[in-house]
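Asker: give the three-dimensional model of this entry:
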Amino acid sequence: MNELHSIQVEENTTAQQDIPHTLIRPDFDDIKGPFPYIHKDDKHVYMDCQLQYWNMNSFFSKEEMTKMTLFEMFKRRCDLWPEEFCLSYRKKDEKHVPKGDFINLKAKECLTIVEEIASGIVRKLNIKKGATAAVFSTNRYEWILTEFAFHRQGIILVPLYSTLTTEQLCHVIDTAECSYVFCSDEVLDRVQDLKSHRTFTSVCFDDVKNESVDFTLNELREEGRRQIEPPNLPNKTDTCSIFFTSGTSGVPKGAIHTHWTITNAMCCFCFSAPFHAQFMTRGQITLSFLPLSHVYEHQIDLTFLCTGGWVYMNSGNVRYFPEEVKMASPTFLIVVPRVLQKLYDVFNSEIKKKSYVVQTMYNTAYYFKNWAVDTNTTNMVDWDYWVFGTIKALLGGRIQLVCNGSAPLSREVYDWMRVCFDVIICNGYGSTETFGGCIGTIPGLLNPKIMSTGRPCPGATFRLSNAEELGYFVSDNPPTGEIEIKGEFIFKGYFHDDVSTKEAFTEDGWFKTGDIGRINGDGTMSIIDRRKNMFKLSQGEYVATEPLERMYASHPFIEQMFVYGESTDSFLVGILVAKKKELEAFLEGKINGISDGMDVQLLKDIANTKGKSLILKNVEEYVRSQGAKGYEVGEKYLY
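Answerer: Reported below is the predicted structural model:
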């Protein structure tokens, strides 16, 4: 690399807690002096981590965490605090509806269950060290404890996405060479379908016995109780898990993560909580409700369970989130924008139903509290006591930190969360290949008016590289380009896919994310584009527009199709250009006034009025039959 030259931006070295929220100005050109952690050469702009601004005082040091495998970390936690609660869950009825209070499991109880499952796996299934086993389930405590049982015996975990098609699931099972699938009864129909295509042994977390189930988890535990088998621990550099990508733009690829990469990813999160010197130790509570098949939720849950936290398991459906978040009263939550957007929309619709007096009080309180938050001052009136206390109760009343990932929050939701819930909102960035978040915002050091993804977490280094075909250059002011990452948490390659692995890295070993970033005026990174024509919706799902447009355009009466979406919305918008003759043939006989060779404008008017529902139903049924997922079917169309 050539001699590095500083980008002229201002670094503030004041202590974190003393920095006013309005100190740093967002205009890049107006900022003076260098950020020492940002530098460049002719081809790249580099962004390093500033360790002095991160929480490096966690109970477990990075050296301690990364020298162990995941089971060793979990066992040490259980040995240190055996009587403290570790996991909580609710029982469900035969219709999968949760009932009753959460049942709390102590750390020593969890460790016993792990040892029983692991011993049952050895004695009854005879799964060997280094073999793969899949988990296909909603979030539940059996999933995470079965995973630790895998790690105890050196078995490689392969999570299965519920959104994958049968064809894609078969590809994952074949590629990862899975002969065993652990599942919940909610997905037994899909397991039965898979068994008609592939041969594998199934283990159900529930006490269900039918043609889809070979064993139940309780049968394994009963066998394990007869004799606890010794651990068969892997090395920290051995493969731990294979997390497959979502398959949005093609065939899912399996990202290989070792115990070493995962524990380093856990450090990225563990040392990224700046408001508490030992945040990830005892007393911190989270609610696990995003899918465990995603690395985002996985990174957080593993970190909590291995460093002394307490994880409440959602009952497998986000519809129970409002009820269960109140019951769990978490201090920490990870979210995607769609969850907060829905909470925001429901709250605002309810406020509008209130009396004029109540609306006026809320609007007044919001105005003054928002001003106080922006200026880092206090109000003479305790608005939290008079107004916002009941709103805080919507998330249990104890929430301190909310980490948003997967897609950016809208400004209105961001401000609403800070004002009404009095919480720190951290945005983060990561991917399957980085095993979750590796860049995040640090409260107090950043300008809250810039909706960025923050700065590199401990152990991470970022750089921007020119994306010439899109017009992004590191010589721009501010610098822009494709984000490339280095760190010990980076995956080791795609399983049985050397071609994709080679394409994923630069010649000098940097992982190419495919995302376009920009360096902001406060020294943070923002995601502004995707090098491939792809984006995320607010619920965190990637949408690849080109294959989706081709799918729509293959419909008999569609000439052209344009698909558009934004990461702050949960839906797509489509513009259809219909083939006149074919559309006439489709509508003829269904709607009066349709005939061959009719006036184009009249046909368009009918298509957007009387014929609209018929057209949309036909188009949506067609694209769904072609494999389009629910979030890929447009919610609004123009003709």
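
Asker: residue 251 in helix, strand or coil?
Answerer: Local secondary structure at residue 251 is given as coil here, using DSSP: H, G, I helix; E, B strand; the rest coil.

Asker: give me the element the residue nearest to it when sequence neighbours are not counted is part of.
Answerer: Excluding its sequence neighbours, the residue lying closest to residue 251 (C-beta to C-beta, 6 or more residues apart in numbering) is residue 171, at 6.0 Å. Where C-beta positions appear, they are placed from N, C-alpha and C, glycine not excepted. Residue 171 is part of helix 166-176, with elements assigned from DSSP states H and E.

Asker: try residue 264
Answerer: Here residue 264 is assigned to helix 259-270, by DSSP H and E.

Asker: picking that back up, what's the helix holding residue 171 in contact with?
Answerer: 132, 134, 136, 156, 158, 160, 164, 178, 181, 190, 193-194, 197-198, 200, 242, 244, 247, 251-252, 254, 495-497 (C-beta atoms under 8 Å, 6 or more residues apart in numbering).

Asker: buried stuff in that helix?
Answerer: Going by neighbour count (16 or more other C-beta atoms under 10 Å), the buried part of helix 166-176 is 168-169, 171-173, 175-176.

Asker: out of those residues, who's nearest residue 567?
Answerer: residue 168 (23.8 Å; C-beta to C-beta).

Asker: about what we covered before: what about the helix holding residue 264, distance to the chain center?
Answerer: 16 Å (C-alpha atoms, centre = their mean, to the nearest Å).

Asker: for it, packing partners?
Answerer: Packing partners of helix 259-270 (3 or more C-beta pairs under 8 Å, 6 or more residues apart in numbering; DSSP states H and E): helix 62-66, helix 70-80, strand 239-244, helix 295-307, strand 436-440.

Asker: give the pairing partners of the last one; include direction for each.
Answerer: Put plainly, it is strand 436-440. Within its sheet, strand 436-440 is paired with strand 424-431 (antiparallel), strand 455-456 (antiparallel), according to DSSP bridges.

Asker: name the residues that touch stretch 591-600?
Answerer: Under C-beta under 8 Å, 6+ apart, the answer for stretch 591-600 is 580-581, 584-585, 587-588, 602-603, 606, 610-611, 614.

Asker: and with 10 Å instead?
Answerer: Outside stretch 591-600, the residues within contact range by C-beta atoms under 10 Å, 6 or more residues apart in numbering are 580-581, 583-588, 602-603, 605-607, 609-611, 614.

Asker: just the buried ones out of those, please.
Answerer: 583-584, 586-587, 603, 606-607, 611.

Asker: please report how far the closest residue to residue 179 other than its chain neighbours lies from residue 255.
Answerer: In space, residue 179 comes closest to residue 200 once its chain neighbours are excluded; the distance is 5.4 Å by C-beta to C-beta, 6+ apart. Distance, residue 200 to residue 255, by C-beta to C-beta, to the nearest Å: 22 Å.

Asker: show me where the stretch 201-350 of the chain dips below the pLDDT cut-off.
Answerer: 247-250, 272-282 (pLDDT under 70).

Asker: wait, isn't residue 348 in contact with residue 366?
Answerer: No. Using C-beta atoms under 10 Å, residue 348 makes no contact with residue 366, being 11.0 Å away.
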